[in-house]
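Q: Sequence plus predicted model, see below.
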Amino acid sequence: SPPVPYVPDVEAWAAVYSEGFVGHLARVQAHAGEGAPVSDAQARYPVLLFSSGFGMSRHFYTGLLEGLASHGYVVAALDRPYLNMMQMPDGSVRSPRDGFWDAFPATRGIGSLEAAVRQLRFTEGYLGADQDAVLAELSRIDRGDPHGVLTGRLDLGRVVNLAHSAGAIPARALLVDPEAPYRGFVFYDAKVHHTTGSRTLTLPVEGEVRAPVLFVALEYAAPPPPSFADQLRAPLYIVQMEGTAHGSVSDLPALDAAAEGDAEASERAAAHLQTLVSRTVDFVRASLDPEHTLGDAWQTAEEGVAEVQVLVPAQR
């Protein structure tokens, strides 16, 4: 099957990126094939639902997402209007800053704590509804894919939620929603918070967290507060990376290194992504298969990993 372009219709992205960067993107080739048949190794495949960080596009996570798919998962990557850089149905490319503050006015210059709490809850629900819509579309595709590829091949009873940075905004509510279909959560440099001018509002998780959670700290995100452990009814894993940046979960460090001809930085970026893929795959397997456990070796720090913590629910 023919390889897919790294960014389809890349010329349209000249509206938001420089000519030089767009030209560089045009020369990048993805490893995925367009219209490739689904492997017969399994009858149905678990689904990973990935949410991009603010100002990013799902295209820039291709390395991570292809790596995850190669281990036997169907990966659905989600871009949201007002949160991500994305191509709209009319072909135009929209920056999340085009109308974001109008759509979510209370995220800046908030007048009161009460208003900030109301706005955060609204934003969580608004963005969470996007994920519900994607899951509904995947269910429709599983019943009858118009392309004839994924009909009857999606195991929507085994779904894991992955998010980078602000893509995790809906997570505070989803973590404790007994109706949510997620068997696990992976957060890359993400924490549930709400920035209002010069202060940060953090709302606690309200309810029991019954699915396992993996926090990967890269640069910005601190580990969850100690109070989070009180809500746990499933294990919490914290992997602290070293030598990484907030965007190390994406392809941007590798793209920048290639553009500058920096072979050492390119190798470092590839190693970070390889570690992120392997840690994510191990966690996902343990979340979906009770016979797969994360042993002592998983907790051993490797190159690029500074520390691994495991918290388990207290006996009740």
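A: Yes, it's here.
Q: first to last residue in stretch 38-58, what's the distance?
A: One end of stretch 38-58 sits 21 Å from the other (C-alpha to C-alpha, to the nearest Å).
Q: sorry, that was for stretch 77-89
A: 17 Å.
Q: ok, which stretches of the protein are helices?
A: For the chain, helices defined by DSSP state H occupy the ranges 19-27, 62-69, 100-103, 113-143, 171-174, 252-260, 263-288.
Q: got those helices as JSON lines, with mean neighbour count, distance to residue 2 and mean pLDDT columns?
A: Yep, even glycine has a C-beta here, placed from its N, CA and C like the rest. Shown next, in JSON lines, are the helices of the chain (neighbours: other C-beta atoms under 10 Å; distance: least, C-beta to C-beta, whole Å; pLDDT from 0 to 100):
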{"stretch": "helix 19-27", "mean neighbour count": "14", "distance to residue 2": "16", "mean pLDDT": "90"}
{"stretch": "helix 62-69", "mean neighbour count": "20", "distance to residue 2": "16", "mean pLDDT": "96"}
{"stretch": "helix 100-103", "mean neighbour count": "14", "distance to residue 2": "36", "mean pLDDT": "53"}
{"stretch": "helix 113-143", "mean neighbour count": "15", "distance to residue 2": "22", "mean pLDDT": "84"}
{"stretch": "helix 171-174", "mean neighbour count": "22", "distance to residue 2": "37", "mean pLDDT": "84"}
{"stretch": "helix 252-260", "mean neighbour count": "17", "distance to residue 2": "22", "mean pLDDT": "91"}
{"stretch": "helix 263-288", "mean neighbour count": "19", "distance to residue 2": "24", "mean pLDDT": "94"}
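Q: what is the rounded mean pLDDT of stretch 224-239?
A: Stretch 224-239 comes out with an average pLDDT of 82.
Q: got the end-to-end distance for it?
A: End-to-end distance (C-alpha to C-alpha), stretch 224-239: 12 Å.
Q: Identify the residues contacting it?
A: Residues outside stretch 224-239 that contact it (C-beta atoms under 8 Å, 6 or more residues apart in numbering) are 175-176, 191, 202, 204-205, 207-217, 223, 279, 283, 294, 305, 307-314.
Q: What's the ChimeraX line that selects buried ones from these?
A: Buried subset of these, written as a ChimeraX selection, criterion 16 or more other C-beta atoms under 10 Å:
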select :175,176,191,205,209,210,211,212,213,214,215,216,217,279,283,294,305,308,311,313
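Q: from the contacts of stretch 224-239, which ones fall inside strands?
A: 213, 214, 215, 216, 217, 305, 307, 308, 309, 310, 311 (DSSP state E).
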